[in-house]
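S.K.: model the structure of this input:
(2 chains)
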Amino acid sequence: MPRPGLVLDVDSSTPPIVFHHGEDFVLEKLPAGRSRVIYPPEPHEGLEDTDAAIRHALEHPLGDSQPLSTLLFSGMKLTICFDDISLPLPPMRKPDVRQRIIEAVLDTAAAAGVDDVEIIAALALHRRMTEDELRHAVGDRVYDAFAPSGRLYNHDAEDPDGMLEIGTTDKGELVEINKRAATSDLIVYVNINLVSMDGGWKSTATGLSGYRSLRHHHNVHTMQHSKSFMDRHASELHHSNWRMGKVLRDGGVKVFQVETTLNNDTFGTSALDTASPLSMLQKREWEWTAKDRATFMAVQAGLKRMPARAKRAAFQSWKAPYAVTSVQAGEVEAVHERTLEQNFAQHLVPVEGQTDVLTMGLPYICPYNVNSVMNPILVMCLGLGYFFNMYRGKPPVREGGVLIMRHPTPWEFHPVHHPSYIDFFEQVLSQTTDPVEVEKYEQAFAEDEWYRHLYRTSYAYHGVHPFYMWYWGSHALQHLGKVVIVGGDPKAVRRLGFAPASTMADALEIASDVVGPAPTITHVHNPPLLMADVT
Amino acid sequence: MKVELPDPRRKLRQLAFPLVAPTTPLGVEPRPKERRTGADYDTEWARSFRARWTRTVLLESVLRPTAAAIARPRRRGIDRLADLQGAGEPVIFCANHHSHVDTPIVLTSLPEPWRYQVFVGAAADYFFRNRATGAAASLLLNAIPIERATVTRRSADLAANLIDDGWSMLIFPEGGRSPDGWGQDFRGGAAYLARRTGAPVVPIHLSGTDRILPKGAKRLRPGPTTVTFGDPIRAEEGEDTRRLATRIEAAVAALADEHTSDWYAARVRAHTGDTPGLGGPDGPSWRRAWALGERSPSRRRRAAWPPR
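M.R.: This next block holds a predicted model:
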C-alpha cells in the first residue's frame, strides 16, 4: 500500500535533503526548527491489465458519449490526435501508453472497416517530433502503417491551407484548429495527464491550434489570473480553453477523448527493477539503505568526472518506468473530471500555511527540452512556471517571499530546437524582464518569416514560444519578492533578472534581506512530482 | 619362409566371459533393450546448474554472434510482451519453421525473463536419433524430444511438468521445416500444452530464414531476418485444442501479413477474415515458388523530403 505524502518539520536529526541540480544531485542541510520538506505520496499501483482497461474504457465511455465501436463506420473520416514529445517527462519506457491506446482504437476502426484514418501529433507551436520520437510514442507498427503514406504527421499551425476557423467565444477569442481534425467525422484524442494542467479541452483547443488562437490565453494577463494553472477550476488558462471547447462542440467538432494518468515512479521503486540506478531518489532520505547511499555516492562521483555532453546524453536517455493508473474515455469534460481525481490522488499533499522562502531543485528536463538543452529561459519556466504552480489553494510561499532554486543555468541554447530563444535572450531580456513589457515584442517574433520557416520545416519551436515561457512564470514573478538561483552561471542568472548565489547558505542570506532574518522555509521535494494543497 | 602374424580379431574372438559380454542361453527370452535415444532420451542433466551455466556461455559467446553475423535478426513486437514480462510467468512460444537456423535466432531474440529459462521441443526422430546428437541438442538448445507423429504421454508430461516448474517452451507447431518456403498446417501439441498448463501462447513469425538455410540446403547463405512477436493468446473457457491451434496459426498468419504489408492493413484483413494463410496458393510447385518471390517486406520509410 503506497504511503501518502508527508510534511516533515526539519530538526537537527534530519539528514541532508537531496536536490536536483540539472544533470546532477546535491545534498543540502536545511536550517532546523524553521524548515519543512514536502514529500510526495509514493507511486500508486499501476493497472493490472492495461490493454484490457483501455478496451473497457473505449467501450464504456463517460458522459453522454457512445462506445467507440458504435461511433466508427465504414466510409467515415477518422482523425487520431495525440500528445507530443512534451509528455510524459521523462519519456516513459516502451510501450508508451499512447501506442497502446492508438493500437486499440485502430483495431476497433479496422473491425468497422474505416479506411480514411490520419494520425496527428498535436504539438501546437512546439517543435516537430522526429521519426524516432514518433516511433517511441506510437510504436513501430503504427508508424510503419501510416507514416510512409503521409497519414501520420506533425500538426502544422502555420500551414495556410491546414487550419480552419471554427468561431469565436463569447469573450471574443478566436477558435481555429487543424483543418483535417475539424472536418473529420470523429477526432479521437489520446492524452497523457502527467500533471493536472494537461487534458480536457486544452488537448484539442491548444494542441491542434495555432498562434491566432493561442494568443488569447497564452498571455501575461491570463497567466497572472491562473492561480494556479495546475488547478483547472482556478485557472483562467483553462477557463479560456473550456470556452473554446464549447465553440468546438457547438461548431460540430466531435471529440472522443481518451485520457490516461500515470503514477509518479520516475526512477523506479521496484526491488526487481535492476535497470534503475537512481531508485534511491524515489525514497525519503532517512530510509536510504547502505546500498542506496553507496549507489548515490558512486553516481555523484561518476557525474563529477563526466563531460557535460555525456551527462546530458545519459540523462536524456533515461526512460521512466511509469505505470498507467487509469484510463477513461468519452465526453471531454466528464472524462477530465475523472482524470483530475486520479492526478490529485497521486500528487496532492495537504500543507498548512505559507512560509517566507520556497526552495526547490530543478531537474535536467522540462516539457520543452526533451532530447535538447535546458537553456536559461527554460530554467525560469520550469521553476517559476511549472514547479511554483504545483499548488492548489495558495502558494506554499507567502506574497513577497523568496524562491530559491538550484540549477547550473548554463548560457547555452540548442540552435536547432530553440533559435528564437537565442534572440529573445539577447534582444528582449537584455532590455527588460517585466512580462508586461516583454509582451510588446511578441508580435515581431510570432510573425517572423524565418522562425516560421524553421518551425514548419526544421525542428524548431515557433518564434513566439520563448515569450510563452516567460509568461508562464508571470504569476510567480508577480507573487515573489525575489528569486535566487544557487549554483547557476551568474551572468545568465542576472540576465534573467534573478540573484545568483554559490551556496544555499548564501542564498538564504540574500533572502533574509527581503523577508527578514531567520526566515521560515518550505522545500518541495523532487523527484518525484507533487502538488501542495495549501490551506 | 612365410611368417604368420597374429590376427587381433581372432584373438578377440577367443576371449571368454567375463572379458566379453555373456551370451543368452537358448530357450531364455532375452530382456528387451532399454532405448536411450529418440523420445526416450533423458534430458534432465541438461537442466542442471552446470549445464545451464555452460549453455548461457555458449548462447552468448557462440550462438548470438553467429546468429547476428549470419541472419542479422531484426526483432519486432517485443513491446507486446510488456505485461507478461512484468508478471514473469512461463510462456509457450510458437513459431513458423523454415530452417535449422530458426531455433538459434529465436533463442537469441527472446527478451528477459525467458531468455535463459526456456526449453525447445525438438523432433525426437531427428535431433535425438543417437546419443551424440541428443546430447548436443540438450546442452546447446535445452531441447527435449517430441514425437512428431503422435502426442505421446511421455513427451507431453515432460513438457507440461517443465512449464509448471516455471520453464518456458519454444515449439514449432508445424512439426518440421517447410519443404518449399510456405507454411504447413499447425499441429495441436502447443495448443494442448497451453490448455493443460494455462500458460499463454506467444505467436512468433520468422521471415528470411528460408533463404539462409532452407530444407535440403548444404550451404549457408547469410541474409537479413525478422522475428515478429505477436500478442499473447490464452485458451478460453471451454475452448478445445483444435480451435486453439487454429487461433495460434491464424495469429502467426496475421503476423506474416503484418510483415509483408503493414499493421493496419493486416488488422483490417484479420477482421474481415481475409488474412492470407501461411500455406500459400494452391497449384503447381512453380506457381507456389513464383508467389513466394512476390512476398517482400515493405518497411516503408517516410521520404526525407518534403518534411511533414
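
S.K.: all strands of the stretch 151-300 of chain B, in order?
M.R.: For the stretch 151-300 of chain B, the strands defined by DSSP state E, counting those that start in this stretch cover B:168-171, B:201-207, B:225-229.

S.K.: how about the ones you listed, which one is nearest chain A?
M.R.: Nearest to chain A, of all the strands of the stretch 151-300 of chain B, is strand B:225-229, at 9.4 Å by CB to the nearest CB. The way it works is simple: take the backbone N, C-alpha and C, and place the C-beta from them, glycine included.

S.K.: and the closest one, what does it pack onto?
M.R.: Using 3 or more CB pairs under 8 Å, 6 or more residues apart in numbering or on different chains; DSSP states H and E, the elements in contact with strand B:225-229 are strand B:73-76, helix B:102-107, strand B:201-207, helix B:241-260.

S.K.: deepest of these, which one?
M.R.: Comparing these by mean neighbour count (mean count of other CB atoms under 10 Å in any protein chain shown), strand B:201-207 ranks first with a mean of 26.

S.K.: any idea how many residues pack against the single nearest residue of the stretch 401-535 of chain A relative to chain B?
M.R.: In the stretch 401-535 of chain A, the residue that lies nearest chain B is residue A:457 (5.2 Å; CB to the nearest CB). Using other CB atoms under 10 Å in any protein chain shown, residue A:457 has 14 neighbouring residues.

S.K.: and if you look at residue B:193?
M.R.: Other residues near residue B:193 number 26, with proximity taken as other CB under 10 Å.

S.K.: and for residue A:65?
M.R.: Counted with other CB under 10 Å, residue A:65 comes out at 20.

S.K.: hmm, it is touching residue A:256, no?
M.R.: Yes. Using CB atoms under 8 Å, residue A:65 is in contact with residue A:256, at 6.3 Å.

S.K.: overlap in contacts, those two.
M.R.: A:71, A:329-330 (CB atoms under 8 Å, 6 or more residues apart in numbering or on different chains).

S.K.: what comes into contact with stretch B:252-272?
M.R.: Under the criterion CB under 8 Å, 6+ apart, residues A:106-107, A:110-111, A:113, A:115, A:117, A:141-142, A:144-146, A:148, B:77, B:94-96, B:183, B:186, B:203-205, B:207, B:226, B:228, B:230, B:250, B:275-278, B:295-298, B:300 lie in contact with stretch B:252-272.

S.K.: residue closest to the middle of chain A?
M.R.: residue A:367 (4.8 Å; CA atoms, centre = their mean).

S.K.: how near is that residue to chain B?
M.R.: Using CB to the nearest CB, to the nearest Å, residue A:367 is found at 22 Å from chain B.

S.K.: remind me which residues of chain A are low pLDDT?
M.R.: Applying pLDDT under 70 to chain A flags residues A:270-275.

S.K.: and it, which of its residues are near chain B?
M.R.: Residues of chain A lying close to chain B by CB under 8 Å from any CB of the partner chain are A:49-51, A:94-95, A:99, A:106-107, A:110-111, A:113, A:115, A:117, A:128, A:131, A:139-142, A:144-150, A:153-154, A:156, A:456-458.

S.K.: among the strands of the stretch 151-300 of chain B, which comes closest to residue A:278?
M.R.: With CB to CB, the closest approach to residue A:278 among the strands of the stretch 151-300 of chain B belongs to strand B:225-229: 29.5 Å.

S.K.: who does that closest one pair up with?
M.R.: Strand B:225-229 has its sheet partners listed here by DSSP bridges as strand B:73-76 (parallel), strand B:201-207 (antiparallel).

S.K.: using a markdown table, lay out those together with mean pLDDT.
M.R.: Below are those laid out as a markdown table (pLDDT from 0 to 100):
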| stretch | mean pLDDT |
| --- | --- |
| strand B:73-76 | 93 |
| strand B:201-207 | 95 |
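
S.K.: which residues are in contact with residue A:427?
M.R.: Applying CB under 8 Å, 6+ apart, the residues contacting residue A:427 are residue A:441.
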